[in-house]
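**Student:** Coordinates only, no sequence provided:
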Ligand SMILES: Nc1ncnc2c1ncn2[C@@H]1O[C@H](COP(=O)(O)OP(=O)(O)OP(=O)(O)O)[C@@H](O)[C@H]1O
């Protein structure tokens, strides 16, 4: 969907397709977010990986700033570098050019200012829920007694008090992800990086977890950088959505979500929600079709190289 051109007299301006949903209240909220101190800053960042002896650029000139207590979702076609971006911010990968900083401190490796939650439940299976949450606290020098008291408060917050002494295999997927979230949050990171954390859950539990996360986020001082394939999830959760394209991964748009908060279940049915989804689909899926076509063409090229195998299709 291209921005609409508006012609007034001799003046030609372009209006964003979602402009009509950007009410003064939403604009005001967005402006207030942009005035907060930057929490995560990515400037001129480039990342390449070696493939078949050649370096292939995966992320190209990424510039993005997330502000304190902002909820940012990242969407884009498969392979556009979403997970790589999360790993770079986490300090698990190195990059060739540019700078990533958290609260003005340059990232040079993993650190306690960033918490991580991934799709696979990364809990220690040999530790109880309580010990899993206590783990990082004790590692960071807290006494066992204080860490236990702190862990129990977090466990309470997500309604798992009855399961404090259970092991991960005794929990449902949603419960495990709640533990993974509080385990990351207990260390009081500035930024919580979440890579498709709910994609293994069924739709009902996924919605429940999205609500939990919004509730937790509302109550603590944390910036969330959340990667998802699910456009509805991104719209429901985010203040802003970072849209990437693939080959190489580049920023297509940073979209202010034109939806008021608090968001409820009927948010999913609102006109502005549906308009935002249609707009994002036009950005992400046209990209995906292009990628598919490129893959199909390269397969055609592969089979068309003089083959002795008879064509059976
Ligand atoms: N360690 C690695 N070594 C080589 N190439 C890699 C490595 N990690 C990622 N890539 C490549 O980088 C590109 C981006 O991968 P990445 O997993 O970041 O994309 P994504 O957008 O998260 O994909 P998806 O949505 O399918 O999870 C892909 O082409 C992938 O093959």
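**Tutor:** Looks like it came in fine. Not measured: the values here are computed from a predicted model.

**Student:** CA only for contacts and neighbour counts going forward, please
**Tutor:** Will do.

**Student:** Tell me where the model's unsure across the stretch 51-200 of the chain.
**Tutor:** Across the stretch 51-200 of the chain, the ranges flagged by pLDDT under 70 are 121.

**Student:** Look at residue 225 and give its secondary structure.
**Tutor:** Three-state assignment for residue 225 (DSSP: H, G, I helix; E, B strand; the rest coil): strand.

**Student:** That one and residue 155, how far apart?
**Tutor:** Distance of residue 225 to residue 155, given as Cα to Cα, to the nearest Å: 23 Å.

**Student:** Also residue 84?
**Tutor:** According to Cα to Cα, residue 84 and residue 155 sit 31 Å apart.

**Student:** Between these two, tell me which one has more neighbours.
**Tutor:** More neighbours surround residue 155 than the other of residue 84 and residue 155, with 22 against 18 (other Cα atoms under 10 Å).

**Student:** what's the residue nearest to the more buried one when sequence neighbours are not counted sitting at in phi/psi?
**Tutor:** Spatial nearest neighbour of residue 155, chain neighbours left out: residue 161 (5.7 Å); criterion: Cα to Cα, 6 or more residues apart in numbering. Residue 161 adopts backbone torsions of phi -60, psi -30, taken as degrees, to the nearest 10.

**Student:** number of nearby residues for residue 161?
**Tutor:** 16.

**Student:** again, but for residue 203
**Tutor:** Residue 203 has 11 neighbours, counted by other Cα under 10 Å.

**Student:** Show the backbone phi and psi for it.
**Tutor:** Backbone dihedrals for residue 203, given as degrees, to the nearest 10, come out at phi -50, psi -40.

**Student:** Same question for the one 5 residues further on.
**Tutor:** Note on residue 208: its backbone torsions stand at phi -60, psi -40 [degrees, to the nearest 10].

**Student:** So it versus residue 177, what's the distance?
**Tutor:** Remark: distance between residue 208 and residue 177 (Cα to Cα) = 11 Å.

**Student:** Looking at those two, which is more packed in?
**Tutor:** In terms of neighbours (other Cα under 10 Å), residue 177 is the more surrounded of residue 208 and residue 177; the figures are 25 against 12.

**Student:** now what about the strand or helix carrying that one, what contacts it?
**Tutor:** Element membership of residue 177 [criterion: DSSP states H and E] is helix 173-186. The contact list for helix 173-186, computed with Cα atoms under 8 Å, 6 or more residues apart in numbering, reads 115-117, 121-123, 129, 132-134, 136-137, 150-151, 154-155, 158, 160, 168, 192, 197-198, 200-201, 205-206, 209.
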